[in-house]
Every structure is written in C-alpha cells, then in structure tokens.
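here is my input, please return the structure:
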Amino acid sequence: MAKKFVPPAQVTSPRRHWTLVAVVLDGGEGNWAAAIGRWDGKPVLVIRWNGNDDNPIGNPQSRGLPTWFVVPDELRGSILETILRASPEKRPLVDHVFADQ
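Here you go, the predicted structure:
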C-alpha cells in the first residue's frame, strides 16, 4: 500500500526547534506550501514542497522526516506580500506573529 503525502500542517520536525503557528498557503499534493511559526522562539516564515504518493514526505527532509526551509529575513516580506494578496484573510494572524519584527 502506497503512503499518502504528508500535509503541511503535520510537518513538525525538528520539534526541538520548530513550532507551527499556521499554514498560510497550501498548494496541495505535489505543490508548495508556506507556514508561519517559531524557530527557537523567533517568528519565521517557512516553505517546502509538499510530497506526493511517490515521495510522501516532500522536500526538504531530514533523516526521513519532512521539514521546513526557513526563509531568510531579507526575503520574508516580499514572499508574505505575495501570499497575502491571494489570502488577505490571513493578514491579521501574520501581522500578530511578526508584530515585534
């Protein structure tokens, strides 16, 4: 039986560093996703490629577990603005998470 791809809301590794706040974009199976959360307590934007049935854990991955790529601070604003144009209802949450940034 083939494994189903791991939805972005279930990507929680590495637990020692990463805490998910919310997925802000989910392109679905085989597409990309973005989320906001905290890495070592600091608010960050993260992205990843969702998997598919042939590659259920997507990319990036570490030790066989799906993980996120932390977007550099210099790129965060432009990527978030692009996401928020498509999903303006997420702006209050994004503004709240990055209020002190």
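
ok, residue 50 touching residue 25?
No. Here residue 50 does not reach residue 25: they are 10.6 Å apart, not a contact under C-beta atoms under 8 Å. Quick note: C-beta positions are derived from backbone N, CA and C, even for glycine.

what's the neighbour count on residue 7?
Under the neighbour criterion other C-beta atoms under 10 Å, residue 7 is assigned a count of 16.

wait, it sits on residue 26?
Yes. Taking C-beta under 8 Å as the definition, residue 7 is a contact partner of residue 26 at 7.3 Å.

what touches both of those two?
With contacts taken as C-beta atoms under 8 Å, 6 or more residues apart in numbering, the residues that reach both residue 7 and residue 26 are residue 50.

would you map the strands across the protein?
18-26, 32-39, 42-49, 61-62, 65-66, 69-70 (DSSP state E).

so which of these is nearest residue 98?
For the strands of the chain, proximity to residue 98 was assessed by C-beta to C-beta; strand 42-49 is nearest, at 5.3 Å.

what angle do that closest one and strand 18-26 make?
Relative orientation of strand 42-49 with respect to strand 18-26: 50 degrees, computed using axes from the mean of the first three to the mean of the last three C-alpha atoms, to 10 degrees.

could you give the mean pLDDT of strand 42-49?
The pLDDT scores in strand 42-49 average 97.

same thing with stretch 75-82?
If you average the pLDDT values across stretch 75-82, you get 96.

quick one: buried residues of it?
Of the residues in stretch 75-82, 76, 79-80 count as buried by neighbour count, 16 or more other C-beta atoms under 10 Å.

export it as CSV, just CAs?
Taking only C-alpha atoms (Å, rounded to 0.1, in the frame of the first residue of the first chain), the coordinates of stretch 75-82 have been written out as CSV:
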residue,chain,number,x,y,z
LEU,A,75,13.0,37.7,1.6
ARG,A,76,10.2,37.2,4.1
GLY,A,77,8.4,40.4,3.4
SER,A,78,8.1,40.0,-0.4
ILE,A,79,7.0,36.4,-0.1
LEU,A,80,4.4,37.1,2.5
GLU,A,81,3.0,40.0,0.5
THR,A,82,2.6,37.7,-2.5
